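[1] Attaching a predicted model along with its sequence, questions to come.
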Amino acid sequence: MIYPFQEIRTTIKFLGLLLFTMATSFCSYGQEDNLDDIDGLLDELFFNDQQFLDELIDSDFSYNFLYTSVSYNSNTFFSGRDSGTDQFNLIPQVSYYHSSGFNASISGVYYQSFAPSWDFTSVSLGYFNALGKNKTVTYNLGYSKYFYSDGYDEFINSLDVSLGIRNKKRTFGTTFSASYLFGTEESYQLISSSFLNFTLKRTSNFALRFKPRLNFIMAKQNITTSRFVLVAGKRVLSTFNFDVFDLLNTQLNFPFSLSTRSWDFELGYNLNLPNALVNENNIDTTGFLNFSVGYMFDLSK
């Protein structure tokens, strides 16, 4: 298989958006109607601040806060695939959440060895809410704009929708997400993410959890291959382009999270099981460590 430089660049950019989407996923839920459900809401947001919990109850379960975080990944794989360069990446993010359902965020990706290292900045707006008596079905609608440092313009917009299903105790659930990417080119991606939630230790201002997750990442991708064909009895190298929609990667996450008041920390191991497409052979299983730290600013005080 031979990729022209532009095709390699486009492929890495597209798969990089998949990596970014998974790393910045954030599940938020609407208002709940009793103390246990409010506590569960905070669990999903990785917080357990008793004062914040009391304010939610006193203010009819409304909330209004900023959440800042920085995520570190020990190596960079694009949909589980090795780019040939061992490098870490950093993803800082600042997000705003309001109990009305409105949310907004700004984030980006820094790669250790790419030039420029700061690949792009993303600005997102969204609306989330919950359905059903027990708020076990959630949905999120959003739009993202990408500003690339090198002027790349093939995928600079994204329309996003997600639907989540969980049990009442938030001990397991599944979210299905779909994104339509467009700019000078267009594509789409589907992600299925299922989780289990085990609380290992918990007090009024401290929580330690293990939350394994199984992700399936599917996307439409343009494939370019070159092969020899016979033309007038002679072997000629020709290039072929075609679109493929297929499973790109299956990912297993094994994270431990520690929450204390407004801080939360996560340390985990991630295992990639990439699925070989029609033009790929012998793709190795890959893995990396992740660490993140986040802090919540309560704006309702």
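    Perfect, thanks for sending it.
[2] which residues in the stretch 101-250 of the chain form strands?
    102-111, 118-131, 137-148, 157-166, 172-182, 186-196, 198-203, 206-210, 213-231, 234-260 (DSSP state E, counting those that start in this stretch).
[3] Pull the distance from the fifth one to the chain's centre.
    Right, strand 172-182. Distance of strand 172-182 from its chain centroid, counting by C-alpha atoms, centre = their mean, to the nearest Å, is 9 Å.
[4] Identify the residues contacting it?
    Contact with strand 172-182 is made by 14, 17, 21, 25, 27, 138, 155-167, 186-197, as judged by C-beta atoms under 8 Å, 6 or more residues apart in numbering. Quick note: C-beta positions are derived from backbone N, CA and C, even for glycine.
[5] if you set the cut-off to 7 Å instead, what comes out?
    Strand 172-182 has contacts (C-beta atoms under 7 Å, 6 or more residues apart in numbering) with 17, 21, 27, 155, 157-167, 187-197.
[6] what do you get for the shortest one?
    Residues from elsewhere that reach strand 206-210, judged by C-beta under 7 Å, 6+ apart: 48, 197-201, 256-260.
[7] Quickly run through the sheet partners of it, with directions.
    strand 198-203 (antiparallel), strand 234-260 (antiparallel) (DSSP bridges).
[8] Tell me if residue 71 really is in a strand.
    Yes: counting by DSSP: H, G, I helix; E, B strand; the rest coil, residue 71 is part of a strand.
[9] That one and residue 288 touch, don't they?
    No: Residue 71 is beyond contact range of residue 288, at 11.7 Å (criterion: C-beta atoms under 7 Å).
[10] Tell me which of those two has more neighbours.
    Per other C-beta atoms under 10 Å, whichever of residue 71 and residue 288 has more neighbours is residue 71, with 19 against 16.
[11] so how far is residue 267 from that one?
    To residue 267, residue 71 is 11 Å away according to C-beta to C-beta, to the nearest Å.
[12] Tell me the span between the first and last residue of stretch 143-154.
    16 Å (C-alpha to C-alpha, to the nearest Å).
[13] Next, the buried residues of that stretch.
    Across stretch 143-154, burial judged by 16 or more other C-beta atoms under 10 Å covers 144, 146, 148, 152, 154.
[14] Now the phi/psi pair for the last one, please.
    Its backbone dihedrals place residue 154 at phi -80, psi -40, with angles given as degrees, to the nearest 10.
[15] Against residue 67, how distant is it?
    Applying C-beta to C-beta to residue 154 and residue 67 gives a distance of 30 Å.
[16] Show me the shaky parts of the chain.
    Within the chain, the segments meeting pLDDT under 70 span 1-62, 222-243, 301.
[17] Turn the contacts of strand 206-210 into a markdown table, columns for distance to residue 284 and neighbour count.
    Shown next, in a markdown table, are the contacts of strand 206-210 (distance: C-beta to C-beta, whole Å; neighbours: other C-beta atoms under 10 Å):
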| residue | distance to residue 284 | neighbour count |
| --- | --- | --- |
| 48 | 39 | 22 |
| 197 | 31 | 20 |
| 198 | 30 | 11 |
| 199 | 35 | 13 |
| 200 | 32 | 11 |
| 201 | 36 | 9 |
| 256 | 26 | 15 |
| 257 | 29 | 20 |
| 258 | 32 | 17 |
| 259 | 35 | 24 |
| 260 | 38 | 15 |
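[18] May I see the buried residues of stretch 159-167?
    In stretch 159-167, counting by 16+ other C-beta under 10 Å, buried: 160, 162, 164, 166.
[19] Tell me the gap between that stretch and the middle of its chain.
    Relative to its chain's centre, stretch 159-167 lies at 13 Å (C-alpha atoms, centre = their mean).
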